[in-house]
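need a structure here:
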Amino acid sequence: MRQQKDAKLAEIEHGIAENADPAGLLRILNAVEEAGAFPDPLPPAVLRAKAVLQNRLGLPENAILHLAEARQHDRDDPDAWKTSRELATIHAWRGDVDRANTELIRAMVQARTAAIADAQPLLFADAGRVCLERGDPDTGALCFSAALAGMQAGEREQVRAAIGHIQCLNLIGDVAGARRAIEQAAAHVGTHNVRLRYLFALEQARQRSVSGDAAGCEAALEAAGSLLPQDPAAWEHVEHALVRFEVTQTVGHDAADIDELREVIARLEEDQLYIQEALMRLALASVLKDADRFEEAIAEAARALRLAVRLANQRCIYRARTMLIDIAGEAGLEDAGDLENLPLSARYVPASQLGQGGYGTVYRAIDTETGTQVAIKIISMRAIADPGERSRQMDDVRGELRASRAVVNPHVARVLETFASEGDLVMVQELISGGELDANLVARLPRGKLLELLSKVAFGLAALHGAGVVHRDIKPENVLVRADGSPVIVDFGLAGNAGESEGDTLRGTRDYMAPELLRPRADRLYAPASDAYAFGIMLRWALGEEADAGGGWFRRGGRREGAAGLIGELTERDAARRLCDLGEAGRRLAELAQAADA
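Below is the predicted model of the structure:
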């Protein structure tokens, strides 16, 4: 029985080494297990085999569970280093290089403690693969060189390491080194399985594309294509597409099919292969750029950058940032002048102009540190000669930054940073994908949805007031509505701290100003009452209802009924009698919304 078990396990391990069909191997392994050939609990070697097959089938979570079970037997398992090695492979393939490195170190220590000399070259080669995943092919080439020095020429693991070494040389642009390595490996590749021959052909295609040999690149791609499995869902088809699109850009072939690229990206995303997904998104961005579809190209490059930043893949980060700059430079901006003259730090790449007015110009831009889209407001200071006016503009910008950072609320826009550049003030803000709360939007929304939206604006104002901030310029133009229908309060240029003086100059939008602000020689103080009044005027505009002045049967314990009653309470001329609790206003609007939908 033991001999049968060992023979079956050896057969499965050989199949794994030869890259046989993982689904078929897993069926065999499960059948042997069900026949009672293995003891309970399962030995670590069986659990490792299950993990490798599950991972190859795109089930890394299941694989990690099997390896965690195997790890419980590390103390009695002379091959415990293999468990750590398989965990390193899974984490590296999914882009989690920190965990992969930790597992590799553990494997090295375990192998050294168990005096397993043959493990060291294997682990050096694994370290090279981790370097490839983290975007460091220079160090990867060193690791593969160290691995190859300790391996027998022609053996399977030596050929695998040689192919990894060639990939690193291709990535660092060592054309001559890659050519020599290909010539050395060519003598041994033919004796191994289809998978290794296929990977070798892909690296030949890369090397020939880097050297400018378009015909040779095409021939190598065709050779790799002839080795593809018949199953179109097999991973090799995705790998082939990745390399084909990569070299297509290098040797100048026709533009790749955008739909096919999107299909490959969807597969990579589903399989949680995030670095490969990022690289493929960069390929798609390049194709979209060549098709003059700049908005889509920027979006794909930005997504690739976010993935690369999350996984700390420096090479991919650099490629994504470079591509964003390249796309922005080629796209140009309507009525924006020369992109290079925009007063932006190197961190932000402008993508398109969003608007222009007396306050300055607003651009959509990409943060090349994070890959996120932001709004950049540029306030020109060059034409302002009056030192007092310049000082006021600076104070407004600083005040806007303080006000937006005083509260974290989904209905209050955030200012991320401000800086001066070439005599202008630059304000980096959260980008709100949507339009203003305008008449067209108000007309389209059912009454219940409109009341719900307005209640959220009230809650955003309540959050500001709770933090001691008064907006002082509430109006429909300063409420943006996201694509999901969520409103966001923007433009804190006139905001200030409650109780502080507004100064001698009257600023704001007159139609939305509270009466106490318009009185001559009034000692104007920042107060929530002025926001409440402006919000009431905005309600009147949005709902098309006049204020209920109160009195008679409309009153119930000091509260006026319905939207008209709420508008009346918010727009009381006497600030002392005005409803200033915007949280209460929000709750009442939410109740009205529910009643309207009932």
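
Kindly export stretch 77-90 (C-alpha atoms) in PDB.
Written as PDB, here are the backbone C-alpha positions of stretch 77-90 (Å, rounded to 0.1, in the frame of the first residue of the first chain):
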ATOM      1  CA  ASP A  77       9.000  17.500   7.700                       C
ATOM      2  CA  PRO A  78      12.500  17.400   6.200                       C
ATOM      3  CA  ASP A  79      11.100  19.100   3.100                       C
ATOM      4  CA  ALA A  80       9.500  22.000   5.000                       C
ATOM      5  CA  TRP A  81      11.500  24.400   2.800                       C
ATOM      6  CA  LYS A  82       9.400  23.300  -0.100                       C
ATOM      7  CA  THR A  83       6.200  24.500   1.600                       C
ATOM      8  CA  SER A  84       7.800  28.000   2.100                       C
ATOM      9  CA  ARG A  85       9.000  27.900  -1.500                       C
ATOM     10  CA  GLU A  86       5.500  27.200  -2.900                       C
ATOM     11  CA  LEU A  87       4.100  30.000  -0.800                       C
ATOM     12  CA  ALA A  88       6.700  32.300  -2.200                       C
ATOM     13  CA  THR A  89       5.700  31.300  -5.700                       C
ATOM     14  CA  ILE A  90       2.000  32.000  -5.100                       C
END
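
how about that stretch: buried residues?
77, 79-90 (16 or more other CB atoms under 10 Å). Glycine gets a C-beta too; all of them are placed from N, C-alpha and C.

And stretch 564-573, by the same measure?
Of the residues in stretch 564-573, those buried (16+ other CB under 10 Å) are 564-572.

what's the nearest residue to F144 if we skip its chain neighbours?
Excluding the flanking residues, the one nearest F144 by CB to CB, 6 or more residues apart in numbering is H165, at 3.7 Å.

what does the domain assignment say about this structure?
342-430, 435-597 (automatic domain parsing).

want to throw the ones you listed into JSON lines with mean pLDDT?
As requested, the domains of the chain are exported to JSON lines (pLDDT from 0 to 100):
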{"stretch": "domain 342-430", "mean pLDDT": "74"}
{"stretch": "domain 435-597", "mean pLDDT": "86"}
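
Any buried residues in whatever helix or strand A215 lives in, and which?
If you go by DSSP states H and E, A215 is part of helix 214-225. Buried residues in helix 214-225, counted by 16+ other CB under 10 Å: 216-218, 220-221, 223-225.

quick revisit: could you dump the domains of the chain into TSV and include distance to A205?
Below are those laid out as TSV (distance: least, CB to CB, whole Å):
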stretch	distance to A205
domain 342-430	29
domain 435-597	42
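
coming back round to it: would CSV of the buried residues of stretch 77-90 with secondary structure and distance to G58 be doable?
Below are those laid out as CSV (DSSP: H, G, I helix; E, B strand; the rest coil; distance: CB to CB, whole Å):
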residue, secondary structure, distance to G58
D77, coil, 27
D79, coil, 25
A80, helix, 26
W81, helix, 25
K82, helix, 22
T83, helix, 21
S84, helix, 22
R85, helix, 20
E86, helix, 16
L87, helix, 17
A88, helix, 18
T89, helix, 14
I90, helix, 11
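
Let me know the closest of these to E61.
For those, the closest approach to E61 (CB to CB) belongs to I90, at 9.5 Å.

quick one: E295 and A70, what's the gap?
Distance of E295 to A70, computed by CB to CB, to the nearest Å: 49 Å.

If you count surrounding residues, which of those two has more?
The residue with more neighbours, out of E295 and A70, is A70; 28 against 13, by other CB atoms under 10 Å.
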